[in-house]
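> A predicted structure for the sequence below; I have some questions about it.
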Amino acid sequence: MTHMVFMKFAAGFFSPAVFQRIADGFCRLQEAMPLEILSVQVRENCISRETNMDVLIQMELRDPSVLEQYLNHSIHLEISREMNPHIVRRCSFDYME
């Protein structure tokens, strides 16, 4: 299953350091769940516009049951506690091929 999350941060918060923190956190999450999270890509939007999101996280999960496991994993909860107060918009999209 492919799981994608798009995030827009509050004005003035997003920076290269924030992007790196997210990328490092999701890399650690994949390392902690190698049989469940098959791949992770974290991308920064190259065009800064009010209507664009700042970050895309795309993950390949073994199956839909992994979604709840990763959402409740301590590494994900740590990233969420740090980033959620600064997120002004978020959406996710999941699909299976």
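Ah, there it is.

> List the buried residues for the longest helix anywhere in the chain?
Counting residues, the longest helix found in the chain (DSSP state H) is helix 16-32. For helix 16-32, burial by neighbour count (16 or more other CB atoms under 10 Å) applies to 18-19, 22-23, 25-26, 28-30. C-beta: built from backbone N, CA, C; applies to glycine.

> Need the three-state assignment for the residue nearest the centre of the chain.
Relative to the mean C-alpha position of the chain, the nearest C-alpha, by CA atoms, centre = their mean, is the one of residue 57, at 4.0 Å. Here residue 57 is recorded as strand under DSSP: H, G, I helix; E, B strand; the rest coil.

> tell me the pLDDT at it?
On pLDDT, residue 57 comes in at 98.

> Could you do residue 48 as well?
Residue 48 carries a pLDDT score of 85 in this model.

> What's the separation between it and residue 79?
Using CB to CB, to the nearest Å, residue 48 is found at 22 Å from residue 79.

> what about the two, which has more around it?
A direct count of neighbours by other CB atoms under 10 Å for residue 48 and residue 79 places residue 79 higher, at 19 against 9.

> Point me to the helix or strand that includes that one.
helix 74-83 (DSSP states H and E).

> which residues touch that helix?
Here helix 74-83 makes contact (CB atoms under 8 Å, 6 or more residues apart in numbering) with 7, 9, 18, 21-22, 25-26, 28-29, 32, 70.

> switch the cut-off to 10 Å
Helix 74-83 is touched from outside by 7, 9, 13-14, 18, 21-22, 24-33, 55, 57, 69-71, 73, 87, 90, with contacts defined as CB atoms under 10 Å, 6 or more residues apart in numbering.
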